[in-house]
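S.K.: sharing a model that was predicted from the sequence below.
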Amino acid sequence: MDIAQDKPVVNMTLTDSIFEKLQSAIILGELPAGSKISEPELARTYGISRGPLREAIHRLEGQKLVERTAHVGARVVSLSHQQLLELYQIRENLEGLACRLAAQSIDKQKILDLRAVLYLHAQDQNFKEGKGYYLQEGQDDDFHYCIIKNCGNKTLEKMLCDELYHLIRMYRLKFANTPNRPSKALAEHIQILDAIAEGDAELAELLMRRHVASSYRNIQQHSA
């Protein structure tokens, strides 16, 4: 078997590179919510021309991480309480559905893979020290992302993973180090996975909906 066919080489363009750097900076809070996107400043910081930078910013607008308004320009998105409520209402319903579908169709190997993801989270040093929940390096280490990718519904997958994932993750990580929440979140993840593994679609959906609702209440309490 040709290994190169299994792992195709991805040629990253300058736009791709700056897009990923800006995306990460926004999600991790290095570019704070509501902060102005200064093209001259970013061009100097990253040593690039304005063309690739503008394309990267345009792509961030598509992910709803950046918003552009007349007479103001581009800014990192900052959701109002009402917008955040609406986002989490959508997330609660759609991720609940993803769990229901995953419980009906997921194979045993994927269950093992998801258990390995949760084990990785539990072994994280920051998590053990109570400093926060595991900050995954990539999407394949994200429990929520993995479930959605294995739900078997491509339309649902596109809505959550392509259109809302990074905006949701931005707010998830912002409040990931709230005291007691990391350990509760991991326990909830384990319960959700157990229900999926048992093929209990109704329970899996209920537990995910409760988990997302609990996350939203945590944000409400610590952003007032």
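M.R.: Received the coordinates, thanks. Numbers count the residues shown, from 1 in each chain.
S.K.: every contact and neighbour count from this point should use C-alpha atoms.
M.R.: Will do.
S.K.: could you say which helix or strand holds Thr155?
M.R.: Applying DSSP states H and E as the criterion places Thr155 in helix 154-157.
S.K.: contacts for that helix?
M.R.: Helix 154-157 is contacted by residues Leu94, Ala98, Ile148, Lys149, Cys151 when judged by C-alpha atoms under 8 Å, 6 or more residues apart in numbering.
S.K.: kindly report the same for stretch 107-117.
M.R.: Against stretch 107-117 from outside (C-alpha under 8 Å, 6+ apart): Asp141, Asp142, Phe143, Cys146, Asn150, Leu193, Ala197.
S.K.: ok, 10 Å please
M.R.: For stretch 107-117, contacts defined as C-alpha atoms under 10 Å, 6 or more residues apart in numbering pick out 102-103, 118-122, 136, 140-144, 146-147, 150, 189-190, 193-194, 196-197.
S.K.: buried ones among the residues you listed?
M.R.: Among the contacts of stretch 107-117, those classed as buried by 16 or more other C-alpha atoms under 10 Å are 102-103, 118, 121-122, 141-144, 146-147, 150, 189-190, 193-194, 196-197.
S.K.: from those residues, which land in helices?
M.R.: Per DSSP state H, helices hold the following members of the buried ones among the contacts of stretch 107-117: 102-103, 118, 121-122, 143-144, 146-147, 189-190, 193-194, 196-197.
S.K.: re earlier: between the contacts of helix 154-157, which has the most around it?
M.R.: The member of the contacts of helix 154-157 surrounded by the most neighbours (other C-alpha atoms under 10 Å) is Ala98, with 26 neighbours in all.
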